[in-house]
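Chemist: From the sequence below, what's the structure:
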Amino acid sequence: MNDGPGLGPDLAEVFGPAHSDGGPELVQLLTPEGERLHHPDFPIDFSADELRGLHRDMVLVRRLDVEATALQRHGELGIWAQLLGQEAAQVGAGRALRPQDFVFPTYREHGVAWCRGLDPLKLLGLFRGVDHGDWDPAEFNFGLYTIVIGAQVLHATGYAMGMQRDGVVGTGDDERDAAVLAHFGDGATSQGDVNEGFIFAASYNAPVVFFCQNNQWAISEPIERQTRIPLYQRALGFGFPGIRVDGNDVLATYAVTKAALQRAREGQGPTFVEAYTYRMGAHTTTDDPTRYRLSDDVEKWKLRDPINRLEVYLRRNGLIDDAALAELKDEADELGHRLREGTKALPDPDPLSVFGNVFTETTPELTAQHDAYAAYLATFEEAGH
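Modeler: Numbering: from 1, shown residues only. Next comes the predicted model:
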């Protein structure tokens, strides 16, 4: 993916083309009808392979979401947080990262996890309840899922401040300079932790991109009850730029996130990116969205499906055909089969595993607790249970 000249736009001054729903500030590179647009502040070109790669990512991430939802309905998962309709926001942001960047997710960033190379089965283990997130954040530069709403924004800001002190910001070395990407939803912007993170990031010029997926529903609360202005405009009150991007446009999401991350790596501080999208599914599988939103809204947003718009563009330009799509469907079917069988085969956890990965060096107190609990478990074996 090739940038135009220079190091990227001044995001404090970027305003995109007009859009009927997202407002005149929305940055868009691909319309819902699959028409390619060119934005003067994001002169980015994509190769055919790159476009097909983004399409593949979204198709497979959606299959992951569909399979996980079905597994929950069949009692194989305790709960699942759906991302239906948000694939472009997540894949675009995930592919804009460099290997040295670090991600702090919520509990819905399955597409970003995919882009960071995590086996989806590791995500399903968490929702099955056999672990608390069975991956090493340091291996993938992808933090554990955060259930407490907004808490990860504080973690991300602190980590970004640590990057400054480690000397990996603003050195001019593309292989060294790093940034943090913090994900959260529109509902989290009402949380104190998030706003505290903004204050610290602005005060210390931390290299962090605050990526808000505005899917317009904080569970059952519409965005209109949370803010009187577009969310991205809140950033100016904290002293850093904000920008709104079409979150159903994977090309625009990639371009905007890439520019914001580069700005952070160069030492220019935080940026707020509002990905304007829509949660076509439920908040989680315990939620019934038909109780609080209109079906007409869902149908309207289906016409802006992020996968369909890129597929239309690829077909129109002869970059994909029926044979390639059939192969992709087979790949998705294979993924679905592996997830179904793999989830059912996940072993129950060893009760003593709760003591692992708590501290870098085990403390005497933790050792004592481990030994006492092990002795307690042994009494059941002695009794023949």
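
Chemist: Does Gln213 belong to a helix, a strand or coil?
Modeler: What DSSP: H, G, I helix; E, B strand; the rest coil gives for Gln213 is strand.

Chemist: show me where this protein has strands.
Modeler: 102-104, 180-185, 208-214, 217-218, 221-222, 242-246, 271-276 (DSSP state E).

Chemist: Remind me what the first one packs against, helices and strands.
Modeler: Put plainly, it is strand 102-104. Applying 3 or more C-beta pairs under 8 Å, 6 or more residues apart in numbering; DSSP states H and E, we find strand 102-104 packed against helix 151-166, strand 180-185. Bear in mind the C-beta positions are built from the backbone N, C-alpha and C, glycine included.

Chemist: returning to what we had before: can you say which of the strands of the chain is nearest to Arg62?
Modeler: Nearest of the strands of the chain to Arg62, taken as C-beta to C-beta: strand 208-214 at 15.5 Å.

Chemist: Pairing partners for the closest one, with directions?
Modeler: Strand pairing for strand 208-214, determined by DSSP bridges: strand 180-185 (parallel), strand 271-276 (parallel).

Chemist: What is the distance between the first one and the centre of its chain?
Modeler: Centroid separation for strand 180-185 versus its chain: 7 Å, with C-alpha atoms, centre = their mean, to the nearest Å.

Chemist: One more: the last one?
Modeler: Taking C-alpha atoms, centre = their mean, one finds strand 271-276 lying 12 Å from the centre of the chain it belongs to.

Chemist: pLDDT of it, averaged?
Modeler: For strand 271-276, the mean pLDDT works out to 98.

Chemist: ok so, going back, could you redo the helices and strands packed on strand 102-104 as TSV and give each row distance to Gly78, mean neighbour count and mean pLDDT?
Modeler: Shown next, in TSV, are those (distance: least, C-beta to C-beta, whole Å; neighbours: other C-beta atoms under 10 Å; pLDDT from 0 to 100):
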stretch	distance to Gly78	mean neighbour count	mean pLDDT
helix 151-166	21	20	98
strand 180-185	21	27	97
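
Chemist: Of all the ones you listed, which one is nearest Asp174?
Modeler: Closest approach to Asp174 among these (C-beta to C-beta): helix 151-166, 15.0 Å.

Chemist: quick one, phi psi at Asp119?
Modeler: Main-chain torsions, Asp119, degrees, to the nearest 10: phi -70, psi 120.

Chemist: Got the confidence number for it?
Modeler: 97.

Chemist: Kindly report the same for Glu299.
Modeler: Predicted confidence (pLDDT) for Glu299: 89.

Chemist: List the residues that contact Leu328.
Modeler: Contacts for Leu328 (C-beta atoms under 8 Å, 6 or more residues apart in numbering) come out as His55, Arg56, Val59.

Chemist: Check the burial of the second one by counting its neighbours.
Modeler: Using other C-beta atoms under 10 Å, Arg56 is surrounded by 17 other residues.

Chemist: now do the first one
Modeler: Per other C-beta under 10 Å, the neighbour tally for His55 reads 23.

Chemist: wait, it sits on Pro306?
Modeler: No: the pair His55 and Pro306 fails to qualify as a contact (C-beta atoms under 8 Å) at a distance of 9.8 Å.

Chemist: If we ignore the residues flanking it in sequence, what's nearest Gln216?
Modeler: Ile223 (4.8 Å; C-beta to C-beta, 6 or more residues apart in numbering).

Chemist: Could you do Gly117 as well?
Modeler: Per C-beta to C-beta, 6+ apart, closest to Gly117 is Phe140, 5.9 Å.

Chemist: Retrieve the pLDDT associated with that neighbour.
Modeler: Phe140 is given a pLDDT of 97.

Chemist: follow-up on the earlier one: now do the residue nearest to Gln216 against Phe240, distance only.
Modeler: 21 Å (C-beta to C-beta, to the nearest Å).

Chemist: And for Gly53?
Modeler: 31 Å.

Chemist: More neighbours: which of the two?
Modeler: Shown here are Gly53 and Phe240; by other C-beta under 10 Å, Phe240 has more neighbours (22 against 15).

Chemist: Tell me where the stretch 251-385 of the chain is predicted with low confidence.
Modeler: Counting by pLDDT under 70, the ranges of the stretch 251-385 of the chain that qualify are 384-385.

Chemist: Just confirm Gly94 contacts Cys115, I think it does.
Modeler: Yes: using C-beta under 8 Å, Gly94 makes contact with Cys115 at a distance of 2.9 Å.
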